[in-house]
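Trainee: I need the structure of the sequence given here:
(one chain, ligands or ions: 1)
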Amino acid sequence: MVEIIENTFRILAKVSNSKNAMLLNINNFETSVISFIGQNPEIFNEFKNALIPLHKKLGIDVQAVQSLPEYKSIERILSIKSCFVKNVYSILEQNEAFYIVLFCEEGINHLQPDDESFMVILNILGNQIKKYYGAKLKQDIMLPISDSNFAEDSIIKNWEDNFRKLLSISDDLIFILDMDGCFLKVNNSSVILLDYNEREIIGKHFLEFVPPDKNSDVAAAFAKMLQSDKEVKFRTELVTKLGRQIPFDISGKAVIKDGAVIGMIGICKDVTKLSKTEQEIKKLRPKLIEANRLINLERARTWQQSSLIEELERLKSEFVSNISHEFRTPLASIIGFSETIVSDPNLPEEMKSEFNDVILSEGKRLAKLINDVLEISVIEEGKITLDKSVIDVVSVLKDIVDKNYKNAENKKITLEFEYPEFEVLIDADKEKLSLAFDALINNAIKFTNEDGRVKVIVHNFFKDVEIIISDTGIGIPEKDLPYIFQKFYRVSRPGTEIPGTGIGLVFVKQIVDLHKGLIYIQSELGNGTSFVVKLLKSIKAK
Ligand code: ADP
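Mentor: Numbers count the residues shown, from 1 in each chain. Sure thing, here's the model as predicted:
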């Protein structure tokens, strides 16, 4: 213990009439008694340890001390009436402080002297401690003990002390530069963040810590700072002693005295995490945009699908009403003609035979209709399988054309067949392909008016064969062409409804697809339609 400090401390105890007093040095872990006045130092042992948590939290003041249970017991043992506690010197970096604690048996007022001499001695004691304990430390502070009201040892009164504490505990890098841009002062975090010690930073120019490629930007920011008294914000990297580059958001302001700029102060926030997050967001942004686009596409598709489902529902119910009508017509004929035959036994034989012909043909029509309907479920379940063999497509078509001559003739339609001289072999399911061509030729006749013409043409190419079923019929409106192969789709022809179910072409397309062929239409409303089917030739044909 330095003698001069001990003496000053004793003078203070005397002036304040304190028979028991302590000069303590407290940090976050321990309390050491630098000097002690009194008979029984042991009774203060617990008390002084109880001061550590107070010191760590808010600082030690009279009120806090008096509320300690340890103080209460001292109060009892020594019959103390008042107490005075004062922080006389702090070393912020270590959160270390020197306190004077005076106990008096003479009543509370006695230890709240507004005595000038008490103040002066207290100040001297502070200076002495600073000189002997603080000189070797980097950052020190003398407490302002100039206030005459000792009881008001408030945070506000110690604003500078508190402010310095704040700087020392701040995670941000805080600096003061001279007007040339050289460091005058930095806080503890700057030292930690930049890996330099304080002496290595002080006096150096700010730009020495900035990567060369950022120098001109930072210089421009400081120039702006010096030109006005407004806050200037910018982001740059600072290079640590170990060569690490740390990104900082910097806010700085000129320090102006008597109208002249005397330096700059600033605060640098380490934004390593923030800039990483920003970069990740930047990387994620295109993905987000893409995801949004995909969601929109999905939404549009769902919308399309739901509108398609609605359309199918509509077509289905239209189909049901059509099919009932289709069933009813031949049934009405069959029942009507059979009833006539049964009810009139005297019916002439030729009439009976004519009626039987009608019953037979209507019965056949009904049977075809039922087959068509059954076909739908097979098509819908995708159950159609092919039983392939090598067949001559020309002879298959010849048979179908022959079968339809009568049908065409009835409508005064010319049915022509144009085919190559030699057979054209394909790998196909003869029966199913025949049904498909039959449906196309049937449609051509059905949708062609009297005196029209239907032509079936076979083009034999090198790798494939092209079959065209062309008519001079009523044609298909352009707007209906994209839907013509959809289930139950029928062209609406107001006033001239032609019976049908809207599944013939679905079946045709399915059969052509299964043969890995192609089918497309060319049609002109009022002038006719051509269905073009392309099928691969059998390798045996080449
Ligand atoms: P449908 O039983 O109604 O004939 P399809 O699937 O065979 O069913 O044909 C669907 C629709 O395509 C028909 O309602 C008809 O309007 C149109 N269509 C098919 N072939 C022809 C053609 N050769 N000429 C004109 N329209 C046709």
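Trainee: So what's the residue count around the closest residue to the ligand within the stretch 151-300 of the chain?
Mentor: Nearest residue of the stretch 151-300 of the chain to the ligand: A300, at 28.1 Å (Cβ to the nearest ligand atom). C-beta coordinates here come from the backbone N, C-alpha and C atoms, glycine included. Using other Cβ atoms under 10 Å, the number of residues around A300 comes to 10.
Trainee: same thing with the one 3 residues further on?
Mentor: Residues within reach of W303, counting by other Cβ under 10 Å, total 10.
Trainee: Please, which helix or strand holds it?
Mentor: Using DSSP states H and E, W303 maps to helix 272-343.
Trainee: list the buried ones in the helix or strand just after that helix?
Mentor: With elements assigned by DSSP H and E, the helix or strand that comes after helix 272-343 is helix 349-380. By neighbour count on 16 or more other Cβ atoms under 10 Å, the buried set for helix 349-380 is 355, 359, 362, 365-366, 369, 372, 375-376, 379.
Trainee: Also stretch 9-24?
Mentor: 9, 12-13, 16, 18, 20-24.
Trainee: Quick check: the residue of the stretch 151-300 of the chain closest to the ligand vs L288, distance?
Mentor: Separation of A300 from L288 (Cβ to Cβ, to the nearest Å) stands at 19 Å.
Trainee: got the contact list for V85?
Mentor: 60-62, 65, 99-102, 153 (Cβ atoms under 8 Å, 6 or more residues apart in numbering).
Trainee: Given whatever helix or strand it lives in, what are its sheet partners and their directions?
Mentor: Per DSSP H and E: V85 is located in strand 82-91. Strand 82-91 pairs in its sheet with strand 96-104 (antiparallel), strand 141-142 (antiparallel), by DSSP bridges.
Trainee: tell me the most buried of these?
Mentor: Burial of the strands paired with strand 82-91 is given as mean neighbour count (mean count of other Cβ atoms under 10 Å); strand 96-104 ranks first at a mean of 23.
Trainee: From the chain's centroid, how far away is that one?
Mentor: Distance, stretch centre to chain centre, for strand 96-104: 59 Å (Cα atoms, centre = their mean, to the nearest Å).
Trainee: on contacts alone, who are the packing partners of the helix or strand just after that strand?
Mentor: Downstream of strand 96-104, the next assigned helix or strand under DSSP H and E is helix 116-129. Here helix 116-129 touches helix 3-15, strand 82-91, strand 96-104, going by 3 or more Cβ pairs under 8 Å, 6 or more residues apart in numbering; DSSP states H and E.
Trainee: let's see it at 10 Å
Mentor: helix 3-15, strand 20-26, strand 82-91, strand 96-104, strand 141-142 (3 or more Cβ pairs under 10 Å, 6 or more residues apart in numbering; DSSP states H and E).
Trainee: would you list these in CSV and tack on distance to the ligand and mean pLDDT?
Mentor: Shown next, in CSV, are these (distance: least, Cβ to the nearest ligand atom, whole Å; pLDDT from 0 to 100):
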stretch, distance to the ligand, mean pLDDT
helix 3-15, 113, 81
strand 20-26, 99, 89
strand 82-91, 97, 84
strand 96-104, 97, 87
strand 141-142, 97, 38
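Trainee: Which two among the buried residues of stretch 9-24 are spaced furthest apart?
Mentor: Greatest spatial distance among these (Cβ to Cβ): S16 and L24, at 16.1 Å.
Trainee: check contacts around the residue in the stretch 1-150 of the chain that the ligand sits nearest to.
Mentor: The nearest approach of the stretch 1-150 of the chain to the ligand comes at K57, 89.1 Å away (Cβ to the nearest ligand atom). Neighbour list for K57: A64 [criterion: Cβ atoms under 10 Å, 6 or more residues apart in numbering].
Trainee: If we go by neighbour counts, what in the one helix or strand F507 maps to is buried?
Mentor: Element membership for F507 (DSSP H and E) is helix 504-514. Buried residues in helix 504-514, counted by 16+ other Cβ under 10 Å: 504-512, 514.
Trainee: what's the closest of these to A221?
Mentor: Distances from A221 to those, taken by Cβ to Cβ, are shortest for K509, at 71.4 Å.
Trainee: ok, for that closest one, nearest residue in space, not its chain neighbours?
Mentor: F485 (4.4 Å; Cβ to Cβ, 6 or more residues apart in numbering).
Trainee: So D344 sits against S338, correct?
Mentor: No: using Cβ atoms under 10 Å, D344 makes no contact with S338, being 11.5 Å away.
Trainee: got the buried residues of helix 504-514 as JSON lines, with pLDDT and distance to the ligand columns?
Mentor: Shown next, in JSON lines, are the buried residues of helix 504-514 (pLDDT from 0 to 100; distance: Cβ to the nearest ligand atom, whole Å):
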{"residue": "G504", "pLDDT": "87", "distance to the ligand": "3"}
{"residue": "L505", "pLDDT": "92", "distance to the ligand": "3"}
{"residue": "V506", "pLDDT": "88", "distance to the ligand": "6"}
{"residue": "F507", "pLDDT": "87", "distance to the ligand": "8"}
{"residue": "V508", "pLDDT": "93", "distance to the ligand": "8"}
{"residue": "K509", "pLDDT": "92", "distance to the ligand": "9"}
{"residue": "Q510", "pLDDT": "88", "distance to the ligand": "11"}
{"residue": "I511", "pLDDT": "92", "distance to the ligand": "13"}
{"residue": "V512", "pLDDT": "94", "distance to the ligand": "13"}
{"residue": "L514", "pLDDT": "90", "distance to the ligand": "17"}
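Trainee: Let me have these in CSV, adding distance to V191 as columns.
Mentor: Shown next, in CSV, are these (distance: Cβ to Cβ, whole Å):
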residue, distance to V191
G504, 89
L505, 85
V506, 82
F507, 86
V508, 86
K509, 81
Q510, 81
I511, 85
V512, 83
L514, 81
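Trainee: Where does the prediction get shaky in the protein?
Mentor: 1, 58, 107-117, 135-162, 376, 379-380, 497, 540-542 (pLDDT under 70).
Trainee: and it, which of its residues are near the ligand?
Mentor: 443-444, 447, 471, 473-476, 484, 489-491, 500-505, 529 (Cβ under 6 Å from any ligand atom).
Trainee: Could you list which of these belong to strands?
Mentor: Per DSSP state E, strands hold the following members of the residues of the chain next to the ligand: 471, 529.
Trainee: When you filter the residues of the chain next to the ligand down to buried only, what's left?
Mentor: For the residues of the chain next to the ligand, buried by 16+ other Cβ under 10 Å: 443-444, 447, 471, 473-476, 484, 489-491, 500-505, 529.
Trainee: What separation is there between K287 and K383?
Mentor: 43 Å.
Trainee: How about R285?
Mentor: 49 Å.
Trainee: swap in N443?
Mentor: N443 is 24 Å from K383, where distance means Cβ to Cβ.
Trainee: can you check L415 too?
Mentor: Applying Cβ to Cβ, the value for L415 to K383 is 33 Å.
Trainee: who has more neighbours, those two?
Mentor: Counted by other Cβ under 10 Å, L415 and K383 do not tie: L415 has more neighbours, with 22 against 8.
Trainee: Tell me which residues touch that one, please.
Mentor: Counting by Cβ under 10 Å, 6+ apart, L415 has contacts 401-402, 404-409, 441, 444-445, 448, 453-456, 471.
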